[in-house]
Each structure stands twice: as C-alpha cells, then as structure tokens.
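>>> could you work out the structure for the sequence below:
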Amino acid sequence: MDNDQDRLQEAVRARYASAATQFTETAQISDDGCCGPADCGSGTVRFDEAGFGRHLYSVADRQEIPDDAIAASLGCGNPLAVAELSLGDVVLDLGSGAGLDVLLSARRVGPTGKAYGLDMTDEMLALAQANARKAGAGNVEFLKGTIEDIPLPAGAVDVVISNCVINLSVDKPAVFAQAFRVLRSGGRFGVTDVVAEDHLTPEDRRERGSHVGCIAGALTSAEYRAGLTAAGFTAIEITATHEVAAGMHSAIVKATKPR
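Numbers count the residues shown, from 1 in each chain. Just a heads-up that it's a prediction; the model follows:
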C-alpha cells in the first residue's frame, strides 16, 4: 500500500482499537461497524446516532445476545436480515468488531454450522471473545487479519456477511476478490454498507464525513456493482434502506458466487 493507504488503514485500526478499549473500561462504548459521521474521529463516541447502532436489530435478536455485544454494536444495518442463513451453514463476518453478528449467526446456523469473525484489532477480538464466552457459543471462531487478505482457504464458507465495514477498506477490489475466493460454489454475499448516490464525486463524499466515519470511503452504487462484477459475482442487488448523510445511504448488498 502507498503512504496514504497506510495512513488511512492505521487511522481505522486505531479508531476501533480505542473504541474497544473505552468500552471495556467504561462498559458504555464500543463498535461492531461504524460510528456516525458526527462522532468518528472525535474524543467522545455516542452509539445511538440515527442510522447507526443497536436499534437496527429486532427486539427478538437483542434478547438472544449478551448485553455487552449489543451495546458494542454500531453497524449501519442488520446483515442477518438478508443473509438467509440455514442450519449447517458456515458464515464469515468481515470486520466482526464486538461479535454481535457472529453470535447471532451462530445461533441461526446451529451446532452443525460455524460462524467466523474476522477483525484486525486485538482489542476488538478480545471483546468479541469475551462476549462469545458469555453467550456460551461453541460454534464461533474469531480470526485476526484484514478483510483484504482473509486468513481462510478457498471455498471455506457458505455466506459472507459484513456490517458497515467494507466502506472502511483502502483496497475494496481486494475485499471483493477475497470474499469471492473464500465462498463455496453457489455461496452468498450479503452485507450492509454505506453506499453513495451515483452523482456524488469523491470530493462530495469527503465533504459529508471522514473516512473513519464510514462516509468518505463509501462507494457509489455503480462502483459497488462494478467491483462485485469484476470479482466474479452475479445476481447483484443493492437496496438503499435509510439515509445516513446527504445522498448517502445504508444499503443492503447481495450477490452470489456462480455454481
């Protein structure tokens, strides 16, 4: 990576490592995805900004999981609402944070399935592992690594999910290629992410928020579709759900690896 990419990736790592540390110390803050654009990069993190956070999950989902995992959730949607998980599936959550989506996935796939969580920060991994112990989840495994270089073999999983994390990547083509690689034939890609309207330029996106705030690094809908297509995905669907900044939306993104 060049110096700018290195700088951005380190800013993201430091931001979420700090969030995990603060949550552990205060039991008030953490993150499973992104903070709102008004808060990221500031010294104070609020986890109830409209469009981000735990309120995007159903009451039934929130009742299944330890309070700490719920309080530490700050994605921009609920990828499990579209992931169509089945008993026995193997699931990978890219940028798993405090583990909320991993733990919910583990319940859906049952004891014959498995849920992996991938995160690049030791602090988030420690928080997620603690939450998994509290949940008594025996079919989960948390991996350290980046979403641009997934530490799993080819064809290892049935479903790839992610919650407001891909926009943070400094190399999105690599993320799409890696997701395609680790999926089995016929595997599903079902994520939530921040997506910009097609008319917004990179400069427009930067004006609306920071990279670590899940705004400046967001792709447009057309760019997202092109990136998934280039990686080999088909049956691509991008559906906006709610606005998180002017002309920028939390979106459900679905695609399939051809059989």
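
>>> least trustworthy helix or strand in this protein by mean pLDDT?
For the chain, counting by mean pLDDT, DSSP states H and E, helix 67-71 ranks last in confidence among helices and strands (a mean of 55).

>>> which other helices and strands contact the longest strand seen in the chain?
Assignment by DSSP state E gives strand 183-196 as the longest strand of the chain. Applying 3 or more CB pairs under 8 Å, 6 or more residues apart in numbering; DSSP states H and E, we find strand 183-196 packed against strand 157-163, strand 219-220, helix 221-231, strand 234-245, strand 248-256. Heads up, the C-betas are built off the backbone N, CA and C, glycines and all.

>>> deepest-packed of those, please.
Of these, the one with the most neighbours on average (mean count of other CB atoms under 10 Å) is strand 157-163, at a mean of 26.

>>> using CSV, write out every CA atom in that strand.
Output in CSV follows, covering the C-alpha atoms of strand 157-163 (Å, rounded to 0.1, in the frame of the first residue of the first chain):
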residue,chain,number,x,y,z
VAL,A,157,-17.6,-20.7,3.8
ASP,A,158,-21.2,-20.6,2.5
VAL,A,159,-22.0,-17.0,3.4
VAL,A,160,-20.0,-13.8,3.8
ILE,A,161,-21.6,-11.0,5.8
SER,A,162,-20.4,-7.6,7.0
ASN,A,163,-21.9,-4.6,8.7
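
>>> ok now it, how far from the chain's centre?
9 Å (CA atoms, centre = their mean, to the nearest Å).

>>> and the residue nearest to residue 150 when sequence neighbours are not counted, how many neighbours?
Closest residue in space to residue 150, ignoring its immediate chain neighbours: residue 178 at 4.6 Å, by CB to CB, 6 or more residues apart in numbering. The criterion is other CB atoms under 10 Å. On that basis, residue 178 has 25 neighbouring residues.

>>> so which strand or helix has residue 178?
In the assignment (DSSP states H and E), residue 178 maps to helix 172-182.

>>> got the contact list for that helix?
92, 94, 147-150, 152-157, 160, 166, 169, 189, 219, 227-228, 230-233, 257 (CB atoms under 8 Å, 6 or more residues apart in numbering).

>>> now swap in stretch 222-239 and tell me
Applying CB under 8 Å, 6+ apart, the contact partners of stretch 222-239 are 172-173, 176-177, 179-180, 189, 193, 195, 198, 219, 221, 251-258.

>>> give me the neighbour count for the residue nearest to residue 194 when sequence neighbours are not counted.
The shortest distance from residue 194 to any non-neighbouring residue, by CB to CB, 6+ apart, is to residue 218 (4.3 Å). Residues lying near residue 218 (other CB under 10 Å) number 30.

>>> show me what contacts residue 218?
Per CB under 8 Å, 6+ apart, neighbours of residue 218: 167, 193, 194, 195, 196, 205, 248.

>>> which one of these sits in the busiest neighbourhood?
Counting by other CB under 10 Å, top hit in these: residue 194 with 31 neighbours.

>>> if that residue is in a bridge, with which residues?
Beta-bridge pairing for residue 194 (DSSP bridges): residue 250.

>>> and it, what pLDDT?
In the predicted model, residue 194 carries a pLDDT score of 94.

>>> same deal with residue 90?
pLDDT, residue 90: 98.

>>> ok, now which ones touch it?
Taking CB under 8 Å, 6+ apart as the criterion, residue 90 is in contact with 109, 113, 114, 115, 116, 156, 157, 158, 159.

>>> sweet, I'm off.
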